[in-house]
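Test case, fold it:
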Amino acid sequence: MPWPISPWITRASTSSWSSAIHVKLELGGLSERTYDFLKNGYDIAFYTKYLRHSSIKVKKIATLEFVLCASPNYLATHGEITNLVDLAQHNCLVHTNDPIWHIAADAKEQHFKPHNVVFSSNTYMVLQKAAIQGMGVALVPLRSIVNEVRSGKLQLVLGDWPAPDRPLYAVYAPGKHTVRKVRLFVDFIADWFREHPMLSSDPAEAHAIDRRITRAAAAAAPL
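Predicted coordinates:
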């Protein structure tokens with residue numbers, strides 16, 4: 001199960017799930033071959049890319065919004081970012097499976113390849129921590145950094161030029177013989193994401209937090 005979703009699956013899995021149904025949750029274990037989880041004895045895996053393979057069934061769970069971010073200290077030292085030309089001059093923190101950043105600029109999607117990659121990782125959690133430490137600019141899920149933006153540890157970059165949203169999929173074995181608890185668990189996780197649209201210390205504040213972050217990013221963007 002790849003980051004960025006593991007903290008949310010953990011929270012969802014322990015939220016009002018029936019104790020009569022046993023679920024073993026193991027986080028980690030990235031594999032380039034997306035059906036390996038079946039061979040390794042697991043019932044479900046979660047991915048943020050669309051999968052096509054005859055041995056798996058795919059169900060969309062949620063939509064994840066991705067944003068560019070950096071620490072205020074980094075931006076104060078290295079300068080504000082107002083366009084992709086500026087971004088090309090900055091230190092970038094890049095996911096090893098996501099080397100090209102897709103950014104909606106000037107009413108069309110731009111493919112941006114970071115020039116100055118100072119740090120890379122195969123997990124967004126590590127990239128998030130590196131950004132907080134002031135190492136550079138990272139492309140991460142907004143859901144994972146809501147509290148850091150609220151607290152001022154991170155600042156959104158190029159808020160008017162969003163990265164395309166990405167789907168979150170649950171994948172599991174197909175067919176009529178799919179274990180009932182697997183189907184129930186997938187439905188439960190999908191319902192949890194619908195009821196908790198943004199991860200925060202208070203889920204009831206989710207929509208308000210999202211709006212405040214968007215307004216703050218727009219206000220911070222240089223004219």
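
With just CA atoms, put the helix or strand hosting residue 191 into CSV.
Assigned by DSSP states H and E, residue 191 belongs to helix 180-195. Coordinates of each C-alpha in helix 180-195 appear next as CSV, following Å, rounded to 0.1, in the frame of the first residue of the first chain:
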residue,chain,number,x,y,z
ARG,A,180,-17.6,-11.2,1.4
LYS,A,181,-15.4,-9.5,3.9
VAL,A,182,-13.3,-8.1,1.1
ARG,A,183,-16.3,-6.5,-0.6
LEU,A,184,-17.6,-5.2,2.7
PHE,A,185,-14.2,-3.7,3.6
VAL,A,186,-13.8,-2.0,0.2
ASP,A,187,-17.3,-0.5,0.4
PHE,A,188,-16.6,0.6,4.0
ILE,A,189,-13.3,2.4,3.0
ALA,A,190,-15.1,4.1,0.0
ASP,A,191,-17.9,5.3,2.4
TRP,A,192,-15.3,6.6,4.9
PHE,A,193,-13.5,8.7,2.2
ARG,A,194,-16.8,10.2,1.1
GLU,A,195,-17.7,11.1,4.7
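
name the helices or strands packed onto it?
helix 6-13, strand 44-47, strand 57-64, strand 166-172 (3 or more CB pairs under 8 Å, 6 or more residues apart in numbering; DSSP states H and E). (C-beta placed from N, C-alpha, C; glycine too.)

what is the rounded mean pLDDT of that helix?
Helix 180-195 carries an average pLDDT of 80.

One more: stretch 68-83?
Stretch 68-83 comes out at a mean pLDDT of 94.

What sits closest to residue 136 if chain neighbours are left out?
Leaving out its chain neighbours, the residue that sits closest to residue 136 by CB to CB, 6 or more residues apart in numbering is residue 91, at 3.2 Å.

number of nearby residues for the one you found?
Look at residue 91: counted by other CB atoms under 10 Å, it has 19 neighbours.

now it: how far from residue 138?
10 Å (CB to CB, to the nearest Å).

Ok, residue 174 next?
Note on residue 174: its distance to residue 138, by CB to CB, is 36 Å.

Which residue of the two possesses the greater neighbour count?
residue 138 (29 against 13).

Quick check, pLDDT for the more buried one.
Value for residue 138, per-residue pLDDT: 96.

Next: residue 117.
Per-residue pLDDT puts residue 117 at 94.

State the paired neighbours of the helix or strand encompassing it in the sheet, together with their directions.
Applying DSSP H and E as the criterion places residue 117 in strand 116-121. With DSSP bridges as the test, strand 116-121 is paired with strand 91-95 (parallel).

average pLDDT for the strand it pairs with?
94.

Just the helices from the chain, written as ranges.
Residue ranges of the helices in the chain, as given by DSSP state H, are 6-13, 36-39, 72-78, 84-87, 124-132, 142-151, 180-195, 206-220.

quick revisit: so which of the helices and strands packed on helix 180-195 gets nearest residue 95?
Nearest to residue 95 among the helices and strands packed on helix 180-195 is strand 166-172; the distance by CB to CB comes to 11.8 Å.
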